[in-house]
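Asker: Sequence first, then the predicted structure, then my questions.
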Amino acid sequence: MSPRDRIRNALSRGRDDEAAIVAYLTAGYPDPERFFAALEDVARVADAVEIGVPFSDPMADGVTIQRSSEQAIEHGVSLRWIFDELARRELELAPPVLLMSYLNPLLVFGYEALAERSVECGISGYIVPDLPYEESGPLNAALGERRLALVQMVTPVTPPERLEALCAASEGFVYAVTRTGITGRAVALPAEATEYLARVKAASELPVCAGFGVRKRAQVEAISQHADGVVVGTALVEVLERGDDPAGFVQSLRPAR
Amino acid sequence: MHEDANDHEALLEALIDGSLPDERGRFGPFGGQYVPETLMTAVNRLSEGVRDVLPSAAFQQRLEAELKSWVGRPTALTAAPRLGERWGADVWFKREDLAHTGAHKINNGIGQALLAQALGAKRVVAETGAGQHGVAAAAACARLGLPCVVYMGEVDVERQAPNVDRMRRLGASVISVTSGDRTLRSAIDEAIRDWVSDPEGTYYLIGSAIGPHPYPLLVRELQAVIGREARAQMLEKGGKLPDAVFACVGGGSNAIGIFHAFLADRDVALFGIEAGGCGSALGQHSATIAAGRPGVLHGNYSMLLYDDDGQIQETHSVSAGLDYPGVGPEHSLLKLVGRVDYETASDAEALAALDECCEAEGILPALESAHALAGAKRWADKNPGRRILIGMSGRGDKDMPILSRFPRSEAGVDVAA
């Protein structure tokens, strides 16, 4: 199965009618050892894992992820480090793993080398918040040769025609930002959000995952009615900040059994 | 090599005849729109505004009226005979320091505030380094009755304290940014975050010829008045064009503003002077073009200072307005095609040039502008008897807190680096 299809399958509605969970962790945070412990734990309970490549200027992220990035950079974490550690540790991670990175670290690494190394290290796809569709040609071409996914993001202010184009261009899943704005702010799920998610679902053949601001079971339940999955980022980084159990937190977003 | 030269000539021709940037905001390989999807609708709407509203007769009349009666344009072209005698050159200043609020930034501030109003924005956010753009944005927004929020790095809030007070008195909210390197770059990160939160109602009034398309084009168009005036004034007052034009380059708005009118005058040499800071190692300077590589920051692909992992590097300059790791994409193209030479001046050279200008001409230049003076002086030394135009981008009153920390240098003698 291609890396793209792995993501798509993992996030498609399966056994129960619950939203899939994409769990985000900043690479090397709070420190390298605890990060890999958290990664293995979270991978046991999440449907996909998103590893954040720390960047000096994360302009689309809120203070929590910004702070975790700064700390990771201080620990010497880089894209190269992530690949090397993933290769060295030979982790058996069940769900597909994506990297979330701003463009400059990828550009500096080189797109061909990036695609090759991703396959070697078991990375299935990329989310690049400062790379809109119009600028994504060169990276998409390099990733496409290896059937790796470049996930497109859509937002509530994306016009209808553009929404169609982005959903058609996306691979793996479609990342629906549920609230205009930076990551990590609380989202209620007002009427316009449900209407918006319905529009995205209608435009997309891929699973649709809603992101930005999810932190409670009730929200996951509400989004489950309208999307295939949720992305949990800031809330999970906060769990690590507090020294709590990240896998336990992800599990708490699932229905009680 | 030969083909490269032809390609470069074609790119320069395209820049001169107005076909660059292209629709995608590309100046050759540089520029573009590297912003989160959340902002794409906003930058596309702004692109339409730049295409439709900016050139309209109604907008241009409104802008010209404000530039004349409120900004105080045209600014003077001043001969600098005593400095010229010391340097062995015919020296002229284009006096943006005489513009309202004390720097060229006001040309862009009032232009973009008018555009924000025309596009129906409810509030304006801006970033500032030295505080000059923040003051310009605050003043322009007050003039038009628009609420204004200015993001400023904590380090700059401290070293440019008088401007913080000015912005607040002009009605702006000034927010001190404590994340990242706490200078201009962090202020831009924070202004973009604000804009991402409300792309419909908020207008981002960027202060330099940087950011995603259409900003580099928009800011260039609004600052090009500097070069248009200066070129006409040189012909009128001196009967011919200068041999060389010097401007300081941080993000590069005043430099692109003065250079643009001279691009087609191939006999006029153009020099951009970057901040050499206190050394050549990463972190000791802000010499983006001289020492950087192409990369992506703040929405565009241009020359940039970063490490081997792609992390943006902290920069240094005695001048807050030049303390930035990126540079506008049009400058990267002008460097590539060889139309502009980019050099550096150190903190010490700039401070010495500032003192010399004060003593010889009775003009206190901004520390930013002092870099252009230092570059011009060095060139005059090697090229005696030439006519030199220097972009005096701003006045140095705002630099008094930092200048008081340095002993006055012997006029005309470089302080040892």
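Answerer: Nice, thanks for sending it over.
Asker: Point out where chain A drops to low pLDDT.
Answerer: Applying pLDDT under 70 to chain A flags residues A:14-16, A:179-190, A:212, A:257.
Asker: go again using 80 as the cut-off
Answerer: A:13-17, A:178-192, A:212-213, A:256-257 (pLDDT under 80).
Asker: the strands in it, which residues?
Answerer: Under the criterion DSSP state E, chain A carries strands at the ranges A:20-26, A:48-52, A:97-100, A:123-127, A:149-154, A:174-177, A:208-211, A:229-232.
Asker: what sits against residue B:116?
Answerer: Residue B:116 is in contact with B:124, B:146, B:203, B:205, counting by CB atoms under 8 Å, 6 or more residues apart in numbering or on different chains. Any C-beta I mention is one placed from the backbone N, CA and C, and that applies to glycine too.
Asker: what number of residues lie near residue 158?
Answerer: You didn't say which chain, so I picked chain A. 25 (other CB atoms under 10 Å in any protein chain shown).
Asker: Switch to chain B, please.
Answerer: 15.
Asker: Which residues of the stretch 101-250 of chain B lie near chain A?
Answerer: B:179-180, B:185, B:189, B:192-193, B:196-200 (CB under 8 Å from any CB of the partner chain).
Asker: I'd like to know which of those residues is nearest to residue A:153.
Answerer: residue B:196 (11.9 Å; CB to CB).
Asker: Kindly provide the distance from that closest one to residue B:266.
Answerer: Separation of residue B:196 from residue B:266 (CB to CB, to the nearest Å) stands at 43 Å.
Asker: of these two, who's got more company?
Answerer: residue B:196 (26 against 10).
Asker: wait, that one sits on residue B:41?
Answerer: No: contact criterion CB atoms under 8 Å: residue B:196 and residue B:41 do not qualify, at 11.5 Å.
Asker: Which residue is the nearest non-sequential neighbour of residue A:75?
Answerer: Computed as CB to CB, 6 or more residues apart in numbering or on different chains, the closest residue to residue A:75 that is not its neighbour in sequence is residue A:28, at 5.1 Å.
Asker: count of residues packed around that neighbour?
Answerer: Quick note: residue A:28 (other CB under 10 Å) scores 28 neighbours.
Asker: cool, and the one 4 residues further on?
Answerer: By the criterion of other CB under 10 Å, residue A:32 has 16 neighbours.
Asker: Let me know whether it touches residue A:82 as I believe.
Answerer: No: using CB under 8 Å, residue A:32 is not in contact with residue A:82; the gap is 10.1 Å.
Asker: coming back round to it: quick check: the residue nearest to residue A:75 vs residue A:213, distance?
Answerer: Taken as CB to CB, the span from residue A:28 to residue A:213 is 24 Å.
Asker: Work out which residue lies at the spatial centre of chain A.
Answerer: residue A:50 (4.1 Å; CA atoms, centre = their mean).
Asker: Next up, the contacts around it.
Answerer: A:22-25, A:97-100, A:127, A:231, A:233.
Asker: repeat that for 10 Å
Answerer: Residues in contact with residue A:50 (CB atoms under 10 Å, 6 or more residues apart in numbering or on different chains) are A:22-26, A:96-100, A:125-127, A:151, A:175, A:209, A:211, A:231-233, A:236.
Asker: chain center to stretch B:315-323: distance?
Answerer: Centroid separation for stretch B:315-323 versus its chain: 12 Å, with CA atoms, centre = their mean, to the nearest Å.
Asker: And stretch B:382-398, by the same measure?
Answerer: Per CA atoms, centre = their mean, the centroid offset for stretch B:382-398 relative to its chain is 15 Å.
Asker: Please state the mean pLDDT value computed over that stretch.
Answerer: Mean pLDDT, stretch B:382-398: 97.
Asker: residue contacts, the closest residue to residue B:27 other than its chain neighbours?
Answerer: Closest residue in space to residue B:27, ignoring its immediate chain neighbours: residue B:333 at 4.2 Å, by CB to CB, 6+ apart. By CB under 10 Å, 6+ apart, the contact list for residue B:333 reads B:8, B:11-12, B:14-15, B:20-21, B:26-31, B:302-303, B:339-340.
Asker: In ChimeraX, how would I select the buried members of the residues you listed?
Answerer: For the buried members of the contacts of residue B:333, the matching ChimeraX selection, counting by 16 or more other CB atoms under 10 Å in any protein chain shown, is:
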select /B:8,11,12,14,15,20,21,26,27,28,30,31,302,303,339,340
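Asker: So which of the contacts of residue B:333 sit within strands?
Answerer: B:26-27, B:30-31, B:302-303, B:340.
Asker: Most widely separated two among the residues you listed?
Answerer: B:26 and B:340, at 18.4 Å, using CB to CB across the ones in strands among the contacts of residue B:333.
Asker: residues near residue A:141, how many?
Answerer: Neighbours of residue A:141 (other CB under 10 Å): 13.
Asker: now swap in the one 4 residues further on and tell me
Answerer: Using other CB under 10 Å, the number of residues around residue A:145 comes to 13.
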